[in-house]
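Participant: Any chance you could fold what I've pasted below:
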Amino acid sequence: MSLTRLVLRSAAPLPQVENFERYLFIGPHPDDIEIGAGATAAKLAAAGKKVTFLVCTDGRFGLENAPAGTMPEELAGMRQEECLASAKSLGVEDVRFLGLSDGAFYDTDDLLRGIARVIGEVKPDLIFAPDPDVSSECHADHRNVGEAARRAAFFAAFPEIAEKRGAEPADVQALAFYMTAKPNRYVKTRGLLDRQLAALLLHKTQFPKESEAFKSVSAYLKLRAADFGLRRLCGQAEGFRVLGRTQMHCLPEAGK
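Facilitator: Here you go, the predicted model:
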């Protein structure tokens, strides 16, 4: 580790995920928050924190495991109901939808404005979103949502910029990227994995209980929780790439 990074770590420490009161979890599709950070969302909600979910697209093209004959428009409605049930099982009652089309059939400026508007309404201290800098991520919705979330989060504190996007300003203090290859903060989630998997099963059109899709993601989440838990010597954990206000601008070392 370079001397510069050591000094920065001392002078500008990364925020601790659990030290805030208001959280906004942003998901590209109706099940992504549960996969990327479901155990953390459940932990924060149980601790009495204000937790809001924002789902950006309607998931209409996730037809692979949906009942035969389901049409995209029909699936969109089904997935919204599944999302509400899943969030409730994690202790989250405030769930919002932008209703944009799955498959990146939307204007990215509409996505940015929609996210900015919800940030202004919720006024979160910390925002969770998919990491837009993961080189292996090929799904445009994930990359678009992560990019829009960080742009909206950074500029949320500027009233004039927020107003131009039709949003109220908000004092966002930190970003936490899930589905990241470079976690730098971990949340201990021991005892919450079963709840996370149960929530995922409520997305019935995507993860039928005996399906290969659920078996695969279940195995992954178990291994990920154990790996991150081993790094923190805590049994199970979820990992995030966290940026505070200091790390969000003109601090390239924060990205290493």
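
Participant: can you point me to the longest helix in the protein?
Facilitator: For the chain, the longest helix by residue count, based on DSSP state H, is helix 212-232.

Participant: Return the set of buried residues in that one.
Facilitator: For helix 212-232, burial by neighbour count (16 or more other Cβ atoms under 10 Å) applies to 214, 217-218, 221, 224-225, 228-229. (C-beta placed from N, C-alpha, C; glycine too.)

Participant: Contacts for that helix next, please.
Facilitator: With contacts defined as Cβ atoms under 8 Å, 6 or more residues apart in numbering, helix 212-232 is touched by 35, 39, 64-65, 183, 186, 188-190, 193, 196-197, 200-201, 206-208, 235-239.

Participant: just stretch 126-138 next, same as before
Facilitator: Residues contacting stretch 126-138 (Cβ under 8 Å, 6+ apart): 15, 17, 20, 22-28, 32-33, 36-37, 40-41, 119, 142-147, 149-150, 153, 172-182, 240-241, 255.

Participant: May I have the strands that pair with the helix or strand that comes right after the longest helix of the chain, each with its orientation?
Facilitator: Per DSSP states H and E, the first helix or strand lying C-terminal to helix 212-232 is strand 237-244. According to DSSP bridges, strand 237-244 has the following sheet partners: strand 174-178 (antiparallel), strand 185-188 (antiparallel).

Participant: so which of these gets nearest Asp102?
Facilitator: Closest approach to Asp102 among the strands paired with strand 237-244 (Cβ to Cβ): strand 174-178, 19.2 Å.

Participant: Relative to the whole chain's centre, how far out is the longest helix of the chain?
Facilitator: 17 Å (Cα atoms, centre = their mean, to the nearest Å).

Participant: which stretch of helix or strand covers Arg143?
Facilitator: helix 140-155.

Participant: That helix - contacts with which helices or strands?
Facilitator: strand 22-27, strand 50-57, helix 108-122, strand 126-130, strand 174-178 (3 or more Cβ pairs under 8 Å, 6 or more residues apart in numbering; DSSP states H and E).

Participant: which parts of the third one are buried?
Facilitator: Within helix 108-122, the residues scored as buried using 16+ other Cβ under 10 Å are 111-120, 122.

Participant: And those, which is closest to Gly91?
Facilitator: Using Cβ to Cβ, the buried residues of helix 108-122 come closest to Gly91 at Val122, 16.4 Å.

Participant: gap between the closest residue to Glu82 other than its chain neighbours and Ile33?
Facilitator: Spatial nearest neighbour of Glu82, chain neighbours left out: His203 (4.7 Å); criterion: Cβ to Cβ, 6 or more residues apart in numbering. Between His203 and Ile33 the computed distance is 11 Å (Cβ to Cβ, to the nearest Å).
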